[in-house]
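**Student:** what follows is a predicted protein model with its sequence.
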Amino acid sequence: MEWNPTWENPLTSYVKQFDGLIGDRRTAKTFGAIVKGIIGAGSLICQQIAGQSAELSKGKKGSQRVIRLATGQSRQRSELDAEHLTKRLREVAVEQLEQAPEDEVWLIADSSDLRKPYAEAMPYLMQVRDLDEQLVPGYRTLNVIGLTPGRRGLLYHRLFSSQAPDFGSRAKRSAASAGDGEPGPKSAQRAQDDDLAVGQWL
């Protein structure tokens with residue numbers, strides 16, 4: 001499926017809300033093409049994204065443009081990193097939810113795992129479970145989504161790994177307090193199993 005809008009569609013209007021993070025026209029064009037490629041491909045694999053984008057599929061190195069933007073090589077004049085993007089996502093979500101006629105907003109907490117079964121060199125990979133309950137490399141996430149009839153938005157997002165050097169968890173605190181007479185390794189292991197990124201992450 002190739003995305004070829006011929007009118008000011010909702011997606012184009014939504015993407016425009018990130019214009020303030022983009023420092024040049026080429027980056028803006030690449031960013032929009034990547035978003036459309038992700039929707040068309042239903043995947044985060046760079047080659048598939050490029051193949052489903054009318055802009056990126058024109059040349060032989062479309063996937064390289066995706067990689068360069070994602071890694072920061074081609075966005076030195078822009079603020080399209082994870083921190084600024086998620087901040088803007090939260091701001092847009094609040095703006096949209098404030099316009100809802102309803103008085104109530106439902107909050108959905110989601111602690112899904114981000115699975116990277118074929119990754120080897122990504123930093124601080126930890127073990128998470130796949131859909132078959134097998135351990136694979138990946139990360140944990142903590143998300144909060146605001147929801148009203150007809151509107152929804154991301155209000156909180158954190159990707160984390162227990163392997164990161166600055167990670168603080170209940171498991172580590174439990175292990176540290178074991179010498180003070182509190183439950184030790186077993187409770188620490190249980191805490192690690194269901195840890196939802198406490199410490200510095202919240």
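**Tutor:** Right, received. Where do you want to start? Residues are numbered from 1 along each chain as shown.

**Student:** relative to Glu95, how far out is Gln47?
**Tutor:** Applying Cβ to Cβ, to the nearest Å, one obtains 35 Å for the distance of Gln47 from Glu95. For every residue, glycine as well, the C-beta is placed using N, CA and C.

**Student:** the two: which is more packed in?
**Tutor:** In terms of neighbours (other Cβ atoms under 10 Å), Gln47 is the more surrounded of Gln47 and Glu95; the figures are 15 against 11.

**Student:** and the more buried one, what pLDDT?
**Tutor:** Reported pLDDT at Gln47 in the predicted model: 91.

**Student:** what's near enough to touch the residue lying closest to it once chain neighbours are set aside?
**Tutor:** Distances taken as Cβ to Cβ, 6 or more residues apart in numbering put Ser63 closest to Gln47, at 4.4 Å, once the chain neighbours are dropped. Counting by Cβ atoms under 8 Å, 6 or more residues apart in numbering, Ser63 touches Cys46, Gln47, Ile49, Ala50, Leu56.

**Student:** repeat the analysis, applying 7 Å as the threshold.
**Tutor:** Listed by Cβ atoms under 7 Å, 6 or more residues apart in numbering, the contact partners of Ser63 are Cys46, Gln47, Ala50.

**Student:** likewise Gly23?
**Tutor:** Contacts here follow Cβ under 7 Å, 6+ apart; on that basis Gly23 touches Arg77, Ser78.

**Student:** how close does it sit to Arg90?
**Tutor:** As it turns out, when the distance is counted by Cβ to Cβ, Gly23 lies 21 Å from Arg90.

**Student:** again, but for Arg129
**Tutor:** As defined by Cβ to Cβ, Arg129 lies at a distance of 28 Å from Arg90.
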